[in-house]
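1. Just to be clear, the model below is a prediction. Sequence and coordinates:
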Amino acid sequence: MRQKLETIYNSLFSYFGPRNWWQAKTPFEMIVGAILTQAVSWGNVQKAIKNLEEADLLTPEKLFQAEEERIEELIKPTRYFRMKTKKLKAFLNYLFTTHQGDLTQMFNLPLLELREQLLSVYGIGRETVDSILLYVGNFPIFVVDEYTRRIFSRLGLLPEKISYEQMQEFFHTNLPPDTRLFNEFHAQIDALGNQICRPNPDCMHCPLAQLCEKAQGSKI
DNA sequence: GGCCAGGACACCA
DNA sequence: TGGTGTCATGGC
């Protein structure tokens, strides 16, 4: 299985090239992005980040003090802006009450303890917390999502109905705990899911078509 | 004009 | 435990 995953990763990387995911100026900006990107394309997130930056609110202290109405207006491009403002505030409330507003202190916690703490914050679910741990904290934790389920079930490597934990366990069991690999692999899966392996997949151009039971079965 | 994005939560059976 | 509705912008 390990070799099969290696083949899949190499095929994706050859096709899409390095994805350079999560370019950000600061760890705080990355965390804000992780919350804002929920159910929205990254392009919209970048607009909101730019708005926050121009308003000089991209520090924990300033965003914590900012009025909700002001934040709502600035992050409108990211959809569900009222909910996401509450989520940002919930995270900041946690950061200041538990870690004195210090991200370095927060990331000094052991992985599992930090994951548990972040999951208890309103608006931070499993995918968001694992994205923060992997992309900001550099912990070797694999981020899975709907694309992962869709692609790997079509490949016949995972059942169609599978929980988040089971999917994550699959990658943790079959890959070395390599932060850079996990980082790039998730980004590659996203690229495939976003551009090709859709509900109506473009199997003709899929770099994994030779490995995919569904693509071969449909003789595309 | 319709579809769908780098989800999470509340509610219900 | 799993399914469904809600949130409510912008690009293609």
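-> That came in fine, so what should we check first? The structure displayed is predicted, hence computed values, not measured ones.
2. Find the centremost residue of chain A, please.
-> Here the mean C-alpha position of chain A is nearest to the C-alpha of residue A:131 (CA atoms, centre = their mean), at a distance of 4.2 Å.
3. Now do the contacts for that residue.
-> Contacts here follow CB atoms under 8 Å, 6 or more residues apart in numbering; on that basis residue A:131 touches A:34, A:143. Using the backbone N, CA and C atoms, a C-beta is placed for each residue, glycine as well.
4. change it to 10 Å
-> With contact set as CB atoms under 10 Å, 6 or more residues apart in numbering, residue A:131 has these partners: A:21-22, A:30-31, A:33-35, A:37-38, A:124, A:137, A:141, A:143, A:145, A:186.
5. Could you say which helix or strand holds it?
-> Assigned by DSSP states H and E, residue A:131 belongs to helix A:126-131.
6. Return the distance of that helix from the chain's centre.
-> In terms of CA atoms, centre = their mean, to the nearest Å, the gap separating the centre of helix A:126-131 from the centre of its chain is 6 Å.
7. is any part of that helix close to DNA strand C?
-> No. Interface with DNA strand C: helix A:126-131 contributes nothing (CB under 7 Å from any atom of the strand), its closest point being 12.5 Å away.
8. helices or strands up against the following helix or strand past that helix?
-> Using DSSP H and E, the helix or strand that follows helix A:126-131 towards the C-terminus is helix A:146-154. Under the contact criterion of 3 or more CB pairs under 10 Å, 6 or more residues apart in numbering; DSSP states H and E, the helices and strands touching helix A:146-154 comprise helix A:2-16, helix A:164-174, helix A:179-195, helix A:213-217.
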